[in-house]
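In: Pasting a predicted model and its sequence here:
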Amino acid sequence: MAHDHHDHDHDEPPSELLMRVKSLETLLVDKGLVDPAALDALIERYEHKVGPRNGAQVVAKAWADPAYKERLLADGSAAIAELGHTGRQGEHMVVVENTPAVHNLVVCTLCSCYPWPVLGLPPVWYKSSPYRSRAVIDPRGVLAEFGTAVPDDVEVRVWDSTSEMRYLVLPERPPGTDGWPEDRLADLVSRNSMIGVEPAKAPEAAS
Amino acid sequence: MAHDHHDHDHDEPPSELLMRVKSLETLLVDKGLVDPAALDALIERYEHKVGPRNGAQVVAKAWADPAYKERLLADGSAAIAELGHTGRQGEHMVVVENTPAVHNLVVCTLCSCYPWPVLGLPPVWYKSSPYRSRAVIDPRGVLAEFGTAVPDDVEVRVWDSTSEMRYLVLPERPPGTDGWPEDRLADLVSRNSMIGVEPAKAPEAAS
Amino acid sequence: MNGPHDMGGMHGFGPIDPEPESQEPVFHADWERRAFALTLASAAIGGWTLDASRFARERIDPADYLAMSYYEKWLEGMRTLLVEHGVVSAAELAAGRPTEKANPDRILRGDAVDAAMARGGPTEMAIDAAPVFKVGDRVRARVMNPEGHTRNPRYVRGHVGTVVLHHGGHVYADANAVGERRAEHLYTVSFAARDLWGERAGAADTVRVDLWQPYLEPA
Amino acid sequence: MNGPHDMGGMHGFGPIDPEPESQEPVFHADWERRAFALTLASAAIGGWTLDASRFARERIDPADYLAMSYYEKWLEGMRTLLVEHGVVSAAELAAGRPTEKANPDRILRGDAVDAAMARGGPTEMAIDAAPVFKVGDRVRARVMNPEGHTRNPRYVRGHVGTVVLHHGGHVYADANAVGERRAEHLYTVSFAARDLWGERAGAADTVRVDLWQPYLEPA
């Protein structure tokens, strides 16, 4: 009797879910409540336009430009808005910096709050019960699952997104990247490094 | 998508469960681990021999016999053993008395511990998530569902059976029963009154 | 409410088992795309707040909540809200066909999507009352167990931490979930992991939680 | 473990909806009878303790745990234990047929059932160490979050109550679940409902919880 309850592998046939969603969509469109063009635009926006490249741009600029980094840590929302990344689920941004003394990790235990304008929509694992339950009680075990080891004397600082504040991790700049331009630096900034489960990529690992 | 998850109304067909159980039974019997006669004897014992009539006998005797009541409240296990009700899931009995100042209610939030020798096997509601979750945080709401109102200045005292101690409520003796013999008194002692969700029956309500 | 959603500190859900970042699509099935977009579009009608949406999902039967995928919960929450707010009738929902046309004050048009999403819905809000706490104060998360929506998670209640950020007035989630938009001071409170979880937690580690002033008392 | 079984104080499970006492059968289906009896008979082989049985049920996937009926959980826990303790193999379990006969030290015979059940398995146990607490002491339930079996429920951890009963030494559940039978002093601690739940609880009301000494510290 071992059901599989993985969030992306539910035992209800997807076709049934598709029919349920389509039925609701038909109802709301026919009733005049929803513009079908809005659905297309929403999907297009969050599937193709808004994603972790935005956040990577922010991080790379902070690495390359000390004045920007200062503004970013002082007022995340304003500094990120300079680059045009604003809006829903990122109205109030706080950028938290990894240092040799502090490793930041972001979770939302109560639902799955996530900074959409800079990271896009959250991955399945971020929304899963295992991550939501374990990140606060066993952050080092979580990090180990991502291959990340943090020394015992470094503070693992978990941010539980219980309000509309949204947290973006500024990972440590990898060594060996002196003088790199921002677009090259941005290639080292993975989505996972901005959630805090991994460090930024080493230069040799970047594509 | 409103599944029904009532404990006695699960959506898996009972026939499948029966097949799963029978398959396990066949395996254990054929392997020489289980005596089929033991299964029959266990079912016979707990379906027909051990039940809340035992507890009712204890309560009625305590109502009728002050010396017995004193022994019962001082050492529940020993006093109940005088009447022959001993054993599994009732090895360590504590009898708790309802008074005008205290109303007792018994639950097991962590599983469904219950004093088998005096009450038999627990009813479905006692084992259900609603009862296990609510009895400790909302005992008065639980009591109201059973039609039981306890005045605000009376202490509702909830016993969460987290160890192998087992709790039996001694309900208040209904008025109008002076001089009744024990067997007649026992008819007033419902199972629910010994869990604490209801008072003992009034004389006119007894069958 | 103390629902299945309040899962910080739970055991037993198994490994995280992440898909590799480079291989994970934004959506894993077409129904997810539709459920996502429908949820945002129907919220734009203005019938309910984001906190009401959260509360609708939290009220899903706990066994179902834990079994459902993310967008299934969104879909189920949306169905609840549409009926509770009288936007559609239960009969319409069941039939998948309207019995009459609606005449909403506003709907989200396709050409307005990008601007609306880029604008978002800020929750910072002017507040007259001075804050009771300041950065550095020791505070205790209140022992409270409301049956309604709250963002004071069970795992911090009763525990003492230190105010590390004060965000000013923000729309108070507990009230906003029932349509009452008002501000309370919002703080980030840092808890020592060992205070929350006991001695097996990392000695240097902390958990920071955003807590509104009504969740807090002086420690 | 902080599992789905630790449900004291949860909201959202709905009404209790009891069957009338006079109409409720002991078993609601034949498979329940068989699952009940099989669980007791297989436990009698002596491979595991009652606390190990509880821990096996607690480890059921949380969504399944909440969806299963009581005897389904028993059945699932028994299957786990039979394999974990090497009493049957996973292949035998799947096939429903033994690959070889067992030769157990003891099994429960039909004619021994009534005596065995009437004897039970007392957990009171001599203990040399003097108790640290006495009736009347104020104690705090420790903040502890073991991944193993424990009977210190989440809703009392960190809270202060008063020792009202001392039961002497009893087999310690946390150790017994992994086969280590040793005694610890067992107490009943009374907590004011308002201390546990906040001001909405009844002013006069209390919750009494049995707690072993390792769960407690002086308050």
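Out: All right, it came through fine.

In: and the longest strand anywhere in chain C, C-alpha only, in PDB?
Out: When chain C is parsed with DSSP state E, its longest strand is strand C:160-171. Output in PDB follows, covering the C-alpha atoms of strand C:160-171 (Å, rounded to 0.1, in the frame of the first residue of the first chain):
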ATOM      1  CA  VAL C 160      12.000  33.800  22.400                       C
ATOM      2  CA  GLY C 161      14.100  35.500  19.700                       C
ATOM      3  CA  THR C 162      15.600  38.800  18.800                       C
ATOM      4  CA  VAL C 163      14.200  41.500  16.500                       C
ATOM      5  CA  VAL C 164      16.600  41.900  13.600                       C
ATOM      6  CA  LEU C 165      14.600  43.900  11.000                       C
ATOM      7  CA  HIS C 166      11.600  46.200  11.300                       C
ATOM      8  CA  HIS C 167       9.800  46.500   8.000                       C
ATOM      9  CA  GLY C 168       7.300  49.200   9.000                       C
ATOM     10  CA  GLY C 169       3.500  48.700   8.600                       C
ATOM     11  CA  HIS C 170       2.400  45.900   6.400                       C
ATOM     12  CA  VAL C 171      -1.100  44.500   5.600                       C
END
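
In: Just the buried residues of that strand, please?
Out: Across strand C:160-171, burial judged by 16 or more other CB atoms under 10 Å in any protein chain shown covers C:V160, C:G161, C:T162, C:V163, C:H167, C:G169, C:H170, C:V171. The C-beta positions use only the backbone N, C-alpha and C, and glycine is treated the same way.

In: Kindly report the same for stretch A:133-147.
Out: When neighbours are counted by 16+ other CB under 10 Å, the buried residues of stretch A:133-147 are found to be A:S133, A:R134, A:A135, A:V136, A:I137, A:D138, A:P139, A:R140, A:V142, A:L143, A:E145, A:F146.

In: ditto for stretch C:37-54
Out: By neighbour count with 16+ other CB under 10 Å, stretch C:37-54 contains the buried residues C:37-45, C:47-54.

In: and A:L83, what does it touch?
Out: Neighbouring residues of A:L83 by CB atoms under 8 Å, 6 or more residues apart in numbering or on different chains: A:N54, A:Q57, A:V58, A:K61.

In: three-state assignment of the first one?
Out: This means A:N54. In three-state terms, and counting by DSSP: H, G, I helix; E, B strand; the rest coil, A:N54 is helix.

In: can you pull the contacts of it?
Out: Counting by CB under 8 Å, 6+ apart, A:N54 touches A:L83, A:H85, A:P117, A:V118, A:L119, A:G120.

In: these two touch, right, the last one and A:Y46?
Out: Think A:G120. Yes: using CB atoms under 8 Å, A:G120 and A:Y46 qualify as a contacting pair, with a distance of 6.4 Å.

In: any idea how far chain D is from the residue most central in space within chain C?
Out: Against the mean C-alpha coordinate of chain C, by CA atoms, centre = their mean, the closest residue is C:R54 at 4.7 Å. C:R54 sits at a distance of 14 Å from chain D (criterion: CB to the nearest CB, to the nearest Å).

In: before we move on, back to that, can I get the contacts of A:L83 in TSV with secondary structure?
Out: Below are the contacts of A:L83 laid out as TSV (three-state DSSP):
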residue	secondary structure
A:N54	helix
A:Q57	helix
A:V58	helix
A:K61	helix
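
In: now these as TSV including distance to C:T80?
Out: Compiled in TSV, the contacts of A:L83 are given as follows (distance: CB to CB, whole Å):
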residue	distance to C:T80
A:N54	33
A:Q57	38
A:V58	36
A:K61	42
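
In: who's in contact with the residue in chain C positioned nearest to chain A?
Out: Closest contact between chain C and chain A, by CB to the nearest CB, is at C:G110 (2.6 Å). Applying CB under 8 Å, 6+ apart, one finds that C:G110 lies in contact with A:D35, A:P36, A:A37, A:A38, A:D40, A:A41.

In: Look up the closest residue to C:M125, ignoring the ones flanking it.
Out: Distances taken as CB to CB, 6 or more residues apart in numbering or on different chains place C:A183 nearest to C:M125, at 3.8 Å, with adjacent residues excluded.
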